[in-house]
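[1] Predicted model follows, preceded by the sequence.
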Amino acid sequence: MLSHLIFVILSLVSIGLFSWKMRSIIKQIKLGRPTNRTDRVGERIKTMLLVAFGQKKMFNRPIPAILHFIFYVAFIITQIELIEVFIDGFSGSHRFFYHAGLGAFYTFVISSIEVLSVLTFIATLIFFARRNLIKLPRFASSDLNGWARNDANLILLFELLLITFIFMMNSADEADNLLRSNVGYGFAISQYLGPLFFGRTNNLDLLHIISSIGWWGHLIMVFVFLNYLPYSKHLHILFAFPNTYFSNLNAKGKFNNMESVEAEVKLMLDPSADPYAAAPATEAPQRFGAKDVQDLSWKQLLDAYSCTECGRCTSVCPANQTGKLLSPRKIMMDTRDRLSEIGTNNFDLNDGKSLLGDYITPEELWACTSCNACVQECPVNIDPLSIIVDLRRFLVMEESKVPTELTGMLTNIENNGAPWQFSPADRMKWTEEN
Amino acid sequence: MAEMMATGETPDVLFWVGCAGSFDDRAKKITKAIAKILTHCNVKYAVLGTEESCTGDPARRAGNEFTFQMQAQMNIQVLNGYEVKRIVTGCPHCFNTLKNEYPELGGTYEVLHHTQLIQDLINTGKLSLKEGGTFKGKKITFHDPCYLGRANEVYEAPRELIEKLDGELVEMKRCKTNGLCCGAGGAQMFKEAEKGNKEINIERTEDVLESAANIVATGCPFCNTMMTDGIKNFNKEEDIQVLDVAELIAQAADL
């Protein structure tokens, strides 16, 4: 009865805390400016199925793709066991599905989970090694210094604990059954682990306790994991799906149009326009470009929370590869850090800080060649380039902070219709030359 | 264009030369190659000449939307005034801007990159290449311009053209969707690079050297400049040529 109560309280507290945090994150994302990403539903669903469910873009790099895919499948199938854990927790039963007469099918499902769990265990160790022993450049990068690096390792540690608890429970149950009736469940892995670890005891109480520790351990790890998610790069396991659904479906080369500027220039070029006709603005005009997170679109903010910090974007960035300060991954991490800072400070937008300046420097922004390699590479269709461009727009149009050579280029375009100082009258000279 | 209009003619296609193609000495040669091909195939084309102006691409990438909008709206007035339907460009940046960014400002045209138009000319039998061994034994690699490749997913047209030559198409380790930028995009062409430990075009030239190509084919005047400089940096200009796909085709067709 007591364990019942503990279970119910734990579940409610954990789900409640998770929902509370998620509400804050969704509220943070909604700070963003509007952008229409609800058209072309069919194409969106297809993109989500391919990129998020099918993990299509992961397979550009086969080794991590296979390891990651094991995690993904194991995670999804283990949810079946989690359902049973909840039913057992609420009803006080033990292995509800087994006793509900699912017999052989039940053994098959649990066996699949066990096999995948072993593979996941191995994959986790490989991931540990890739981050901490082999030190792949994209994981050794200074982008991840501090919390981000611990975050990644902590997730892997949770994974190992979770799997250990599952096997503790299954193996103890196997040993328990063997002791009482000589017939075990026949789970693929723990039918061997059970006798191996617990074969020498004939203390049923001890086996019950070990099984219970496994059950509670598993449950507590699930709750810990759930509540850790919103604070971690691991949120991608939820956000990858909406993020790919709301992908930019236009050609990557198309930059978004700034309607306010379009209207203003139209007015300027139209000789019949009445300059006083524009209705006085009722609210403060929007900034040109972005200085802080609320100047970005909600999709750019969703991008930030969907980022897993895998660093594929940075590893293909031409500026980063040639030693420049720019790292598209850092752009995304900075955006999320700034956004969550605002969330933590009760959504106070006037705290004297901003994304541009306090997090991202102009030097990073001006190193970008807009080559779209980062956008192409992202396994969950994040668009770091659009943030870079919006921040540039603020620098140029609100603060006139333009690199000197670019000022010349812009003046040339305005004066003589070409980025260089040539007269438009000379545009046909190529026809006279050999 | 104005002359054609005056005589009541309408061209099949408007050749958008671009600023580099009009003013840069190296790029002018590419412009001539494209013009030779169009003339040879009896394509009825026109150019805007002095009425052409920057598409606004570098201004928009540099963050100056005002300058972009000025250029775009003025160009659209000119293009729509001449009732232009179809445009071919010699530059992927003009191509991208005209194709993707002008429609929502009221300028909708069928826009082709010159490699796409040339491919069409060959496929329809209007252009044939001479059998002369111009590129016999030569290894040709194609450097994907970002604004043609990733930005607009045109990877095959230039490659199919190169395959029609009697040389051999070899790929660099980073190509197509993984192609490495030459370093010029996003208005970088007009400024010094930020502080780093290497120039991007040097990094890219190393890919070229690794591919053992004799010719680097490009489809963009800016890539052409960057790759030419890169090759010079390694003192390889004797061994490796940087040529636009249009120039290769014009040579192979003996124009």
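    Alright, I've got the coordinates. Numbering: from 1, shown residues only, chains lettered A, B, ... in the order given.
[2] residue contacts, residue A:30?
    Residues counted as contacts of residue A:30 (C-beta atoms under 8 Å, 6 or more residues apart in numbering or on different chains) are residue A:298. (Glycine included, C-beta is placed from N, CA and C.)
[3] how near is it to chain B?
    For residue A:30, the distance to chain B equals 25 Å [C-beta to the nearest C-beta, to the nearest Å].
[4] Locate the closest residue to chain B within the stretch 201-350 of chain A within the secondary structure: which element?
    With C-beta to the nearest C-beta, the shortest gap between the stretch 201-350 of chain A and chain B falls at residue A:253, namely 2.8 Å. For residue A:253, there is no host helix or strand (DSSP states H and E).
[5] Identify each buried residue in stretch B:51-71, please.
    By neighbour count with 16 or more other C-beta atoms under 10 Å in any protein chain shown, stretch B:51-71 contains the buried residues B:51-71.
[6] Based on its surroundings, how many neighbours for whatever residue of the stretch 1-150 of chain A ends up closest to chain B?
    Nearest residue of the stretch 1-150 of chain A to chain B, counting by C-beta to the nearest C-beta: residue A:60, 7.9 Å away. Residue A:60 is flanked by 15 other residues according to other C-beta atoms under 10 Å in any protein chain shown.
[7] Tell me how far it lies from residue A:271.
    Residue A:60 sits 53 Å away from residue A:271, going by C-beta to C-beta, to the nearest Å.
[8] repeat for residue A:139
    Computed as C-beta to C-beta, the residue A:139 to residue A:271 distance reads 60 Å.
[9] In terms of neighbours, single out the busier of these two.
    residue A:139 (19 against 5).
[10] how about the residues of the stretch 201-350 of chain A that lie near chain B?
    Residues of the stretch 201-350 of chain A lying close to chain B by C-beta under 8 Å from any C-beta of the partner chain are A:250-255, A:257-258, A:261-262, A:264-266, A:268-269, A:288-289, A:316, A:318-319, A:321-326.
[11] Now intersect these with the helices, please.
    Those of these mapping onto helices are A:261-262, A:264-266, A:268-269, A:316, A:318-319, A:321, per DSSP state H.
[12] quick one: which of those residues is nearest to residue A:12?
    Set against residue A:12, the nearest of these by C-beta to C-beta is residue A:316 (45.1 Å).
[13] how many neighbours does the residue lying closest to the closest one once chain neighbours are set aside have?
    Of all residues not flanking residue A:316 in the chain, residue A:373 sits nearest, at 4.4 Å (C-beta to C-beta, 6 or more residues apart in numbering or on different chains). Applying other C-beta under 10 Å, we find 30 residues neighbouring residue A:373.
[14] Give me the secondary structure label for the residue of the stretch 101-250 of chain B found nearest chain A.
    Nearest to chain A in the stretch 101-250 of chain B, going by C-beta to the nearest C-beta, is residue B:151, at a distance of 2.8 Å. The three-state assignment at residue B:151 reads coil, by DSSP: H, G, I helix; E, B strand; the rest coil.
[15] Quick check: it touching residue A:252?
    Yes: the criterion here is C-beta atoms under 8 Å, and residue B:151 meets it with residue A:252 at 4.9 Å.
[16] Count the neighbours of the residue nearest to the residue of the stretch 1-150 of chain A closest to chain B when sequence neighbours are not counted for me.
    Counting by C-beta to C-beta, 6+ apart, the nearest residue to residue A:60 once its immediate chain neighbours are dropped is residue A:377, at 7.5 Å. The number of residues packed near residue A:377 is 24, by other C-beta under 10 Å.
[17] again with residue B:184
    Residues near residue B:184, counting by other C-beta under 10 Å, number 25.
[18] For it, list the residues it contacts.
    A:369, B:201, B:222-223, B:225-226.
[19] Tell me the secondary structure at it.
    For residue B:184, the assignment made with three-state DSSP gives coil.
[20] Return the backbone torsion pair for it.
    Here is the backbone geometry of residue B:184 (degrees, to the nearest 10): phi -100, psi -20.
[21] per-residue pLDDT, it?
    pLDDT for residue B:184: 96.
[22] low pLDDT regions in the stretch 201-350 of chain A?
    A:275, A:277-284 (pLDDT under 70).
[23] about what we covered before: could the contacts of residue B:184 go into JSON lines alongside pLDDT, secondary structure and distance to residue A:394?
    Conversion of the contacts of residue B:184 to JSON lines gives the following (pLDDT from 0 to 100; DSSP: H, G, I helix; E, B strand; the rest coil; distance: C-beta to C-beta, whole Å):
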{"residue": "A:369", "pLDDT": "97", "secondary structure": "coil", "distance to residue A:394": "20"}
{"residue": "B:201", "pLDDT": "97", "secondary structure": "helix", "distance to residue A:394": "29"}
{"residue": "B:222", "pLDDT": "97", "secondary structure": "helix", "distance to residue A:394": "26"}
{"residue": "B:223", "pLDDT": "97", "secondary structure": "helix", "distance to residue A:394": "29"}
{"residue": "B:225", "pLDDT": "97", "secondary structure": "helix", "distance to residue A:394": "30"}
{"residue": "B:226", "pLDDT": "97", "secondary structure": "helix", "distance to residue A:394": "28"}
